[in-house]
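**Student:** Requesting a structural model of the entry that follows:
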Amino acid sequence: VQLVESGGGLVQAGGSLRLSCAASGFNFNDYAIAWFRQAPGKEREEVSCINPSDGSTRYADSVKGRFTVSSDNARSTVYLQMNSLKPEDTAVYYCAAPCDTRWPPWYWGQGTQVTVSS
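**Tutor:** So this is what the prediction gives:
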């Protein structure tokens, strides 16, 4: 199983970024896929989760209305569109699978840095 993130970078507050997570090594519809983030000195938090098999999603309260998760099943890729970015969104963003409220994900990507300047 491999999860590879891309799309991070430096953006000004109020700007947008789109992260991608390319998945391989498993049936894309078998696992719901999550986006997590971890800022320096803070605990890792789940940002969003999508189930590619039915399109269902969930979001952390801190990003609702600003972030949108989607999947391209033909490309086995999950996206995180981040709008109205704030400095507090600065973190390393990881995709992980499966996302399940009962246990931590088994598989993780290497992460991509998102930095939002004020």
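**Student:** Please make it C-alpha for all contacts and neighbour counts, starting now.
**Tutor:** OK.
**Student:** can you tell me which helix or strand the residue nearest in space to the middle of the chain belongs to?
**Tutor:** The residue lying closest to the centre of the chain (C-alpha atoms, centre = their mean) is residue 35, at 2.6 Å. Assigned by DSSP states H and E, residue 35 belongs to strand 33-38.
**Student:** quick one on the thing from earlier: for the residue nearest to the centre of the chain, what are its contacts?
**Tutor:** 46, 47, 48, 49, 80, 93, 94, 95, 96 (C-alpha atoms under 8 Å, 6 or more residues apart in numbering).
**Student:** If it is in a bridge, with which residues?
**Tutor:** residue 48, residue 95 (DSSP bridges).
**Student:** Could you measure from it over to residue 118?
**Tutor:** Here the criterion is C-alpha to C-alpha, to the nearest Å. By it, residue 35 lies 23 Å from residue 118.
**Student:** Give me the number of neighbouring residues for the nearest residue to residue 84 once chain neighbours are set aside.
**Tutor:** In space, and not counting its chain neighbours, residue 84 is closest to residue 14: 4.2 Å by C-alpha to C-alpha, 6 or more residues apart in numbering. With neighbours defined by other C-alpha atoms under 10 Å, the count for residue 14 comes to 14.
**Student:** now do residue 104
**Tutor:** Neighbours of residue 104 using other C-alpha under 10 Å come to 11.
**Student:** cool, residue 42 as well?
**Tutor:** For residue 42, using other C-alpha under 10 Å, the count is 9.
**Student:** same check, this time on residue 97
**Tutor:** 22.
**Student:** The one 5 residues further on now?
**Tutor:** Close neighbours of residue 102, defined as other C-alpha under 10 Å, add up to 6.
**Student:** Right, I'll call it a day here.
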